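>>> give me a 3D structure for the following:
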Amino acid sequence: MAYIRKPSNGKWSYTASLGIDSLTHKQKQKTKSRFATKKEGISAARKVEAEIENGIFVKETKITFESFAQDWIKTYAQNANISSVKARSKEMKHFISVWGPYALKKINKRIYQKPIIEISKNTAEIM
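Residues are numbered from 1 along each chain as shown. Down below sits the predicted model:
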């Protein structure tokens, strides 16, 4: 169960346990703050705890889109045809040129929507 508190800044926060790190054997925790009400903090903590319990929680990192895309291509290449890998690599080069330096966690709909619309227009014109 998460620990809910109201520090001196007047905003509510929670700390949830992520379990024990298998490498360091130390407790890992997720802390989030700046909730206006205790109810908002409890709701957010319950959501994180449910994600942890269901095995779908992903800890945010500062990995860039370029790094993620390169790792993805390597993984994809292990089980795909050479022609498919070449096609995905070509597409990924375009995406990297657009979003490469962005931290993956910072890419949102506002950032990715315009380039995707442009790509779809270009593809429609070719066909």
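
>>> center of this protein, which residue is that?
Centroid-nearest residue in the chain: residue 105, 4.7 Å away (criterion: Cα atoms, centre = their mean).

>>> so who does that residue touch?
Residue 105 makes contacts with 60, 61, 62, as judged by Cβ atoms under 8 Å, 6 or more residues apart in numbering. Placement of C-beta: from N, CA and C, glycine included.

>>> let's see that with 6 Å instead.
residue 60 (Cβ atoms under 6 Å, 6 or more residues apart in numbering).

>>> can you check the pLDDT for it?
In this model, residue 105 is scored at 83, pLDDT.

>>> now do it against residue 90, distance only.
26 Å (Cβ to Cβ, to the nearest Å).

>>> re the thing from before, mind checking how far the residue nearest to the centre of the chain is from residue 31?
16 Å.

>>> try residue 37
18 Å.

>>> make sure the residue nearest to the centre of the chain is indeed in a helix.
Yes. Counting by DSSP: H, G, I helix; E, B strand; the rest coil, residue 105 falls inside a helix.
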